[in-house]
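Engineer: I'd like to go over a predicted model; first the sequence, then the structure.
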Amino acid sequence: MTVNLSRLSCLGEALRDACITYQTNTALIEADRHRENRQLTYRELKVEAERVAARLQQLGVEPGDRVAILMSNQSAWVISGLAGLWAGVVLVPLDYKLTAAEQLTLIAHAKPKVLITEYPVLRDFDKLGKRPDESCAVLVTEAPKRGELGGAQRWEDSAEGAFTYVPREREDLACIVYSSGTGGQPKGCMLVHDNYMEQAQVLAGMFPMDESDSYFSVLPTNHAIDFMCGMVIPFLFGACVVHQRTLRPEFIATTMKRYRVTHTALVPRILKTLKERIEEQLEERSEWQRTLLQGLMQVNDVATMREPNHALSRNLLKPIHDRFGGQLRQIFVGGAFVDPELAEYFYKLGLPCIIGYGLTEACTVLTVNDLQPFRSTTVGRPVEGVEIELRDVGEGGIGEVYARGRTIMRGYLDDPQATAESLTDGWLRTGDLGLMDAAGHLKLVGRRKNMIVTEGGKNIYPEDIEGVFDSVPCEELCVFASNYLWPKQELVGEQLTVVVRPKKKQKVEPLLGDLQEHNQKLVDFKRVGSYVVWKDEFPRTASMKVKRGILAEQVRASVKQADPLG
């Protein structure tokens, strides 16, 4: 089955066509532990999305207005997303795992006309004593019948009046997606319909699905990978998308078996957890069983050297495949650097990981490893329509990665300076360092920018972390990505380092205790991993901003490595 989006003008039109074409197919399934919460055909999905779209129009939403969606991974997210696209709005997907204060910061920056969220989020806002500006209407899912909504409205209520479909053009703004969600300057990537349509056309051609396929949506839908791979592409093929309200391993396995899952997308952290789970269960087996499995993995690795063979791998390693439902054919992995050993482990099991490299600024992916053959050490070739160029190439052919193509964003919302720094003559400066091998595959080796990407696919900007340490009694401090201070050709285990300057005659040990105490206030993936005690005054601009680049050079020249922060 092929997909041709060239005749369509916008993402909403493409997804609306799918709902009409595949109306009797199952579109969405929402599972919760061993219970199924809901199941919708494409016809029923269309009715639900039109109901919510009518609600938006009833609230006065006009084409081009912004509608933010802030909720956990569930069918209501997808329904709301379709509703917004069909009403002609600009979607603003927000990260459910940020703190309430961080979420409110992004909402204030995006200025949506409507926020669609769930009741626990509303309660978190109320605990802070803050809500979005009064100009932003709020629709709340799953609110208790007697729950206090304080001016918000129930998402489940029907609209008064009919829904009118609003078409958009390719160059109209489709989404504002934030690449950083912490307390610093928000960076809202402005993506147009053409960005998404071009990306969907290319990926659908590379990795076609079938009406009988089931995609397991594990990542939150606000994540660029799941928005594309877990909503847009499955719907274009009339496939089924399965959501799971809990991600405990025992329930995930049950869901994958029950719904015969064929595709999923994961970040490296989840993939790593699955590997650990498999190894724990294998430890319970006898030595000869473990030895046999290792032998079968080697046989499968040799037999699938040129390309994956799902049928063969499933027969050779049936007990392992049965743990994943027996039908899993492809795992899309991205959002962060993938350890080659981790990818190789799953390939030997016959569960190929399709490794991609992309940025929010590039819609979803720039390069993809097409598995022909499988290469664990690269992020693949540029996808059709994308050009990759290495600039400032130095020793070993390593240079900074620049990208150009129809999937590149139009800029950052209300931030011309950041836009000018990232976009030059249509080229996106990624800040990542890489080299090209003889086969045209890109290999990433480090970062030029002061940023880390966690195994969970979170972009962490050190400047945003410093606010948590504001009350630490010291003269001054500055947070850096460790690889920015001491560049190395490795992207495994990235962490943050705090450079701290004590006050005059201040003892270091109590200061470290204060740093550790404040560090614990951060969610685990944002915590600083090491420290450097610095005695000299930080270099500053005339406006008293720290000259981070100069300070980094000074630290790099004087200190070989940081000490771990307890």
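Structural biologist: Thanks, I have the structure now. Numbers count the residues shown, from 1 in each chain.

Engineer: Please tell me how far the residue most central in space within the chain sits from Glu13.
Structural biologist: Geometric centre of the chain, nearest residue: His223, 3.5 Å, by C-alpha atoms, centre = their mean. Computed as C-beta to C-beta, to the nearest Å, the His223 to Glu13 distance reads 24 Å. Every residue, glycine included, has its C-beta placed from N, CA and C.

Engineer: Number of residues surrounding Gly150?
Structural biologist: 11 (other C-beta atoms under 10 Å).

Engineer: My read is that it contacts Pro132, right?
Structural biologist: No: using C-beta atoms under 8 Å, Gly150 is not in contact with Pro132; the gap is 11.6 Å.

Engineer: ok, Ile29 - contacts?
Structural biologist: Contacts were defined as C-beta atoms under 8 Å, 6 or more residues apart in numbering; by that measure Ile29 touches 36, 38-40, 75, 240-243, 259.

Engineer: Whichever helix or strand it is part of pairs with which strands, parallel or anti?
Structural biologist: In this assignment (DSSP states H and E), Ile29 forms part of strand 26-32. Here strand 26-32 has these sheet partners by DSSP bridges: strand 35-41 (antiparallel), strand 240-244 (parallel).

Engineer: So for that strand, what gets flagged as buried?
Structural biologist: For strand 26-32, burial by neighbour count (16 or more other C-beta atoms under 10 Å) applies to 26-31.

Engineer: that older thread, need the contacts of Ile29 in TSV with pLDDT, can you?
Structural biologist: Listed next are the contacts of Ile29 as TSV, based on pLDDT from 0 to 100:
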residue	pLDDT
Glu36	91
Arg38	93
Gln39	97
Leu40	98
Ser75	94
Cys240	98
Val241	98
Val242	97
His243	94
Tyr259	94
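
Engineer: Give me whichever of the strands paired with strand 26-32 is most buried.
Structural biologist: Mean neighbour count (mean count of other C-beta atoms under 10 Å) peaks for strand 240-244 among the strands paired with strand 26-32, with a mean of 25.

Engineer: Format the CA atom coordinates belonging to it as CSV.
Structural biologist: Provided in CSV are the C-alpha atoms of strand 240-244 (Å, rounded to 0.1, in the frame of the first residue of the first chain):
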residue,chain,number,x,y,z
CYS,A,240,-4.7,0.7,14.7
VAL,A,241,-3.1,2.8,17.4
VAL,A,242,-3.0,1.3,20.9
HIS,A,243,-2.5,3.5,24.0
GLN,A,244,-1.6,2.1,27.4
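
Engineer: Check which helices and strands the helix or strand following that strand sits against.
Structural biologist: Heading C-terminal from strand 240-244, the first helix or strand you meet, by DSSP H and E, is helix 249-258. The contact analysis (3 or more C-beta pairs under 8 Å, 6 or more residues apart in numbering; DSSP states H and E) places helix 249-258 against strand 26-32, strand 214-217, strand 240-244, helix 268-283.

Engineer: now the residue nearest to the centre of the chain: how far from Leu433?
Structural biologist: Counting by C-beta to C-beta, the gap from His223 to Leu433 is 24 Å.

Engineer: what does Glu283 give?
Structural biologist: 38 Å.

Engineer: and what of Glu517?
Structural biologist: 35 Å.

Engineer: quick one, which of the two is more surrounded?
Structural biologist: Using other C-beta under 10 Å, the more surrounded residue of Glu517 and Leu433 is Leu433, with 23 against 10.

Engineer: Wasn't that one part of a strand?
Structural biologist: Yes: judged by DSSP: H, G, I helix; E, B strand; the rest coil, Leu433 forms part of a strand.

Engineer: who touches it in this structure?
Structural biologist: 398-401, 444-448, 489.

Engineer: what about the residue nearest to it when sequence neighbours are not counted, which SS state?
Structural biologist: With sequence-adjacent residues excluded and distances taken as C-beta to C-beta, 6 or more residues apart in numbering, Leu433 is closest to Gly446, at 4.3 Å. Secondary structure for Gly446, judged by three-state DSSP, is strand.

Engineer: Give me the local confidence score for Gly446.
Structural biologist: Gly446 carries a pLDDT score of 82 in this model.

Engineer: Wait, it touches Tyr484, no?
Structural biologist: No: using C-beta under 8 Å, Gly446 is not in contact with Tyr484; the gap is 9.3 Å.

Engineer: Comparing those two, which residue is more hemmed in?
Structural biologist: Tyr484 (23 against 18).

Engineer: so the more buried one makes contact with Tyr461?
Structural biologist: No: Tyr484 is beyond contact range of Tyr461, at 11.0 Å (criterion: C-beta under 8 Å).

Engineer: who touches both of those two?
Structural biologist: Shared contacts of Tyr484 and Tyr461 (C-beta under 8 Å, 6+ apart): 450-451.

Engineer: what's the least confident stretch among the helices and strands packed on helix 249-258?
Structural biologist: Looking at those, the lowest mean pLDDT belongs to helix 268-283 (a mean of 87).

Engineer: which residues are in contact with it?
Structural biologist: 218, 247, 249, 266, 289-290, 293, 320, 323, 331, 333, 335-339, 342, 345-346, 349, 353, 454-457.

Engineer: pLDDT weak spots in the stretch 401-550 of the chain?
Structural biologist: 489, 542-543 (pLDDT under 70).

Engineer: quick one, strands of it?
Structural biologist: Taking DSSP state E, counting those that start in this stretch as the test, the strands found in the stretch 401-550 of the chain are 411-412, 423-424, 427-436, 442-447, 452-453, 459-460, 476-481, 496-501, 528-533.

Engineer: next one: the fourth one to chain centre, how far?
Structural biologist: On the basis of C-alpha atoms, centre = their mean, to the nearest Å, strand 442-447 is displaced by 19 Å from the centre of the chain it belongs to.

Engineer: swap in the fifth one?
Structural biologist: Average the C-alpha atoms of strand 452-453, do the same for its chain, and the two points are 12 Å apart (C-alpha atoms, centre = their mean).

Engineer: coming back round to it: check contacts around the residue nearest to the centre of the chain.
Structural biologist: Taking C-beta under 8 Å, 6+ apart as the test, what His223 contacts is 335, 457.

Engineer: Could you report the distance from it to Leu444?
Structural biologist: Remark: distance between His223 and Leu444 (C-beta to C-beta) = 20 Å.
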